[in-house]
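*Asks:* Show me the folded form of this:
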Amino acid sequence: MESFFQSSQSRFGSSWNFNAFKNLSEISPAVQSHLKQVYLTLCWALVVAALGSYLHILWNFGGLLTTLACLGCMVWIHFTPPHEEKKRVGLLMAFAAFQGASIGPLIDLAIQIDSSLLVSAFVGCAIAFGCFSAAAMFARRREYLYLGSLLSSGMSILLWLHFASSLFGGKTALFTFELYFGLLLVVGYIVFNTQMIIEKAYSGDLDYVKHAMTLFVDFVGLFVRILIILIKNTMEKENKKKKKRSD
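*Replies:* Numbers count the residues shown, from 1 in each chain. As a prediction, the model looks like this:
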């Protein structure tokens with residue numbers, strides 16, 4: 001991870017100029033066309049997810065059932081042949097809608113506390129996602145694929161720590177660690193998955209639906225963690241103000 005940030009700083013630091021965009025010329029036209037289709041599909045999925053969250057706020061139906069439906073749509077997409085394009089796109093949009101409804105309670109909480117948190121979280125998420133995706137595109141091919149093993153190890157650490165906390169306690173301290181360490185892992189997955197999609201496209205895998213779903217999961221994971229951090233910080237500030245007033 002440290003080498004990734006050092007490489008990113010050297011790439012986008014003092015040596016950054018317009019010529020850096022020429023790195024995109026190394027990506028073949030066919031792969032560039034595929035990436036455009038992937039990101040366009042991702043944008044539509046995000047719009048549908050926002051609609052799903054809005055429907056939850058209206059009718060309060062997001063929860064365990066929508067999460068299970070979300071997983072069902074994901075499995076269905078994987079087992080649907082690539083030539084059934086319309087069906088797979090429809091399943092992806094259903095997946096996005098159920099995912100939006102599943103995080104609806106968190107979004108509803110943010111609106112109740114301070115609606116500006118929602119805007120700040122989305123803008124921050126979009127900027128971070130765009131920057132790290134660009135870092136993966138401008139980098140040399142396969143430069144960040146080594147992150148796969150590190151990220152898998154990081155996820156294993158989180159799972160074992162979560163299991164240990166359920167047995168021995170200490171959930172409050174672990175929650176903060178999981179939140180920020182999980183945020184770091186999601187950022188790493190954005191870079192890794194972007195380069196992996198490019199490499200798969202070069203290998204002939206032009207399944208834009210599955211690739212858009214992968215990036216959608218990364219985007220939502222990043223958004224949720226940023227929003228939770230903003231909510232947590234806001235509530236802590238409010239508690240401090242209440243204590244000062246009571247004193």
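*Asks:* got the contact list for Ile103?
*Replies:* Residues in contact with Ile103 (Cβ atoms under 8 Å, 6 or more residues apart in numbering) are Ser53, Gly62, Val220, Val224. Any C-beta I mention is one placed from the backbone N, CA and C, and that applies to glycine too.
*Asks:* Sort out for me which of those residues are in helices.
*Replies:* Ser53, Val220, Val224 (DSSP state H).
*Asks:* The first one contacts Gly104, correct?
*Replies:* When you say that, I think you mean Ser53. Yes: contact criterion Cβ atoms under 8 Å: Ser53 and Gly104 qualify, at 4.6 Å.
*Asks:* Now do the strands in the chain.
*Replies:* Using DSSP state E, no strands are found in the chain.
*Asks:* low-scoring stretches of it, by residue?
*Replies:* 1-26, 141-142, 162, 164-173, 247 (pLDDT under 70).
*Asks:* 90 instead?
*Replies:* 1-31, 61-63, 82-83, 115, 132, 134-182, 235-247 (pLDDT under 90).
*Asks:* who are the neighbours in contact with the closest residue to Thr80 other than its chain neighbours?
*Replies:* The spatially closest residue to Thr80, leaving aside those adjacent along the chain, is Arg88, at 5.2 Å (Cβ to Cβ, 6 or more residues apart in numbering). Going by Cβ under 8 Å, 6+ apart, Arg88 touches Ile77, Thr80, Pro82, Val209.
*Asks:* would you list these in JSON lines and tack on distance to Ile157?
*Replies:* Shown next, in JSON lines, are the contacts of Arg88 (distance: Cβ to Cβ, whole Å):
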{"residue": "Ile77", "distance to Ile157": "29"}
{"residue": "Thr80", "distance to Ile157": "34"}
{"residue": "Pro82", "distance to Ile157": "35"}
{"residue": "Val209", "distance to Ile157": "31"}
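*Asks:* Tell me how far Ser152 lies from Phe192.
*Replies:* 10 Å (Cβ to Cβ, to the nearest Å).
*Asks:* Have a look at those two and say which one is more surrounded.
*Replies:* Phe192 (23 against 12; other Cβ atoms under 10 Å).
*Asks:* got the contact list for Tyr208?
*Replies:* His34, Gln37, Val38, Thr41.
*Asks:* any idea how far it lies from Asn193?
*Replies:* 14 Å.
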